[in-house]
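> what's the 3D shape of this:
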Amino acid sequence: MKKFESLLLSVAVVVIVGFSFNIGILLISLLDNDTFSNIYLFLFVLVFIINFIFIPVFLINRILGIKNNALLHNLFNWKRTMLLFSTVLLFSIFYVGKDATIEYFIVAFGEEFLFRHLIFFILLHAFNKKWSILIGSLLFALLLHLNGNFFVNILTKFPVSILLYYLANKYKLQDAISVHWLYNVMIYRLT
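As a prediction, the model looks like this:
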């Protein structure tokens, strides 16, 4: 795959995911207040998983012809996963409660799977590791978080994204998910 194609596919996947996710959230928000409060978390989790995991895996499978088992192989160190997830889970439940814990975990899991695994996978087909991390971090900070302040995203999300790529690359996906999850909990508590 050429560099332009790799970059174009990465941007396309992020745009499609962002657009379809926002449509899903819009549809959820159309529910009446009683229904909304009762099933919001379930629908949010469902919409997030469909848009950040299933749709991009499907697109990469169709466009690049990569089989799911090759795409989903060896993502986690299961001992580290159990240790990190249980630690962050207890901390998160204590500080933000059950619903926010679930929401922040799903956001961290979906965004890390999409960027630190799938987008990284696409970019590595044409770029070296350093450039794949930098490009992926720019896409994460500026395209996925398009609705945020440009300078805040460059100064916070971009360097955090580089750190998350480093963790995922060195220790596998569970470390990046755990740090992202913890980061979201801390931001919530501090604001």
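
> for the host helix or strand of residue 48, name the packing helices and strands.
Per DSSP states H and E, residue 48 falls inside helix 33-49. Packing contacts for helix 33-49, counted by 3 or more Cβ pairs under 8 Å, 6 or more residues apart in numbering; DSSP states H and E, involve helix 3-29, helix 98-112. The way it works is simple: take the backbone N, C-alpha and C, and place the C-beta from them, glycine included.

> buried residues in it?
43, 44, 45, 47, 48 (16 or more other Cβ atoms under 10 Å).

> next helix or strand past that helix?
Following helix 33-49 toward the C-terminus (DSSP H and E): helix 55-64.

> pLDDT score for the nearest residue to residue 9 once chain neighbours are set aside?
Counting by Cβ to Cβ, 6 or more residues apart in numbering, residue 9 lies nearest to residue 122, which is 5.4 Å off, once chain neighbours are set aside. At residue 122, the model reports a pLDDT of 97.

> which non-adjacent residue is nearest residue 2?
Of all residues not flanking residue 2 in the chain, residue 126 sits nearest, at 6.0 Å (Cβ to Cβ, 6+ apart).

> actually, residue 159.
Excluding the flanking residues, the one nearest residue 159 by Cβ to Cβ, 6+ apart is residue 137, at 7.9 Å.

> of the buried residues of helix 33-49, which is the nearest to residue 153?
Minimum separation from residue 153 among these (Cβ to Cβ) is found for residue 48, which lies at 20.2 Å.

> please verify my assumption that that closest one contacts residue 106.
Yes - the pair residue 48 and residue 106 passes the contact test of Cβ atoms under 8 Å, sitting 5.0 Å apart.
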